[in-house]
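J.: Sequence and predicted structure are below.
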Amino acid sequence: MRELKESNLGYDVVLDTYSNVPMRWVNAAYVHSPAALLLDFHRAHRRLSLHERLYYGLVGREARKLASRHSAVMTNSAWTAERVKRAYGSQRVYVVHPPVNVEELSTLGGNRGRMVLTVSGIYPEKNVLAIADVAKLVPEAEFYLVGATSPVSGPILRELKRRSEGLRNFHLETDVPRSRLLELMSQASVYLDPPVAEAAASGLVPVVYRDGGDWTDIASRIGQGLGYGSVEEAARTVRSLLNDAERLKVLSARAREVAKGFSYERFKIRLNEVINSLSKDLVVR
């Protein structure tokens, strides 16, 4: 019978998908955002209070103390993989893209118009305020921001309302059913960052901030001209796409092709590859 170390309680393989830290008593951790870099992450998206800086700094310090550079790590993108190596010095890092329902989304189509869609949680770290700013610069397109809310969403909703005052081409819909989301995805032509894999699978052409997994692993593979670094550049990119139907058609087909690598079947194959690679850590008894 093959068993792992006694600390693994007799299980053959122990995977941690919650802590974002490669603990020494697990075989592999699935890391979406390294806990050791929480301070950097939140500081990049908003101004932090003193107690927030202290809290995230403490979390980062403790995460580094608990982490083992020898535990295997799975990440959701190549971009995250590099951050994991920097945060923990991890020696074995595997990119395992989260799956999306490619089969369902690939059937979406219809009369796509001059519509730009964003699907995102309405949370402080998501930087969705920029969507209203882009909409102001591209009045000829309709912008839809669709996302879930939580108790922390209040200030963001109020600021979105302030920034979009007088904008007839900006539409905010919160906590919508999936049927409404699919309807919008079948009508829009351009997807403005964040979550990109589902959008690409439905044939939307993603316009993405040039920093993060959505850029390195998805959008940059569809087209190098789909990245932006400022609100103004995002607006120019969106306008150029909507004014070039042929380019939009080509990129839409390319988006669907790239998205095939994010199917549930591909996820299962990749996860099985990683688990098999962990077999060398097992002790035969």
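T.: Structure's in. What do you need?
J.: Tell me the helices and strands packed up against the helix or strand containing Arg236.
T.: Element membership for Arg236, per DSSP states H and E: helix 231-242. Helix 231-242 sits against helix 129-137, strand 190-192, strand 205-209, helix 245-259, with contacts defined as 3 or more C-beta pairs under 8 Å, 6 or more residues apart in numbering; DSSP states H and E. No exception for glycine: its C-beta is placed from N, CA and C like everyone else's.
J.: how far does that helix sit from the chain's center?
T.: In terms of C-alpha atoms, centre = their mean, to the nearest Å, the centre of helix 231-242 is set 21 Å apart from its chain centre.
J.: Next: stretch 121-134.
T.: 14 Å.
J.: buried stuff in it?
T.: 121-123, 126-134 (16 or more other C-beta atoms under 10 Å).
J.: next one: stretch 65-80
T.: Quick answer for stretch 65-80 (16+ other C-beta under 10 Å): 66-68, 71-77, 79-80.
J.: got the end-to-end distance for it?
T.: Its start and end residues considered, stretch 65-80 measures 20 Å (C-alpha to C-alpha, to the nearest Å).
J.: I'd like to know which of the helices and strands packed on helix 231-242 lies nearest to Asp217.
T.: When these are compared by C-beta to C-beta, helix 245-259 sits nearest Asp217, at 9.0 Å.
J.: So what touches the next helix-or-strand element following the closest one?
T.: Downstream of helix 245-259, the first helix or strand assigned by DSSP H and E is helix 264-277. Here helix 264-277 makes contact (C-beta atoms under 8 Å, 6 or more residues apart in numbering) with 13, 28, 72, 74, 94, 96-102, 260.
J.: Rounded mean pLDDT for helix 264-277, please.
T.: Averaging pLDDT along helix 264-277 gives 90.
J.: just how off-centre is that helix within its chain?
T.: That offset, for helix 264-277, works out to 20 Å (C-alpha atoms, centre = their mean).
J.: Which positions in it come out as buried?
T.: Applying a neighbour-count criterion of 16+ other C-beta under 10 Å, the buried positions in helix 264-277 are 267, 270-271, 274-275.
J.: Just list whatever residues bridge to Leu192.
T.: Beta bridges link Leu192 to Val207, judged by DSSP bridges.
J.: Kindly provide the distance from it to His70.
T.: Distance of Leu192 to His70, given as C-beta to C-beta, to the nearest Å: 40 Å.
J.: Which pLDDT value goes with Arg210?
T.: Looking at Arg210, the pLDDT reads 83.
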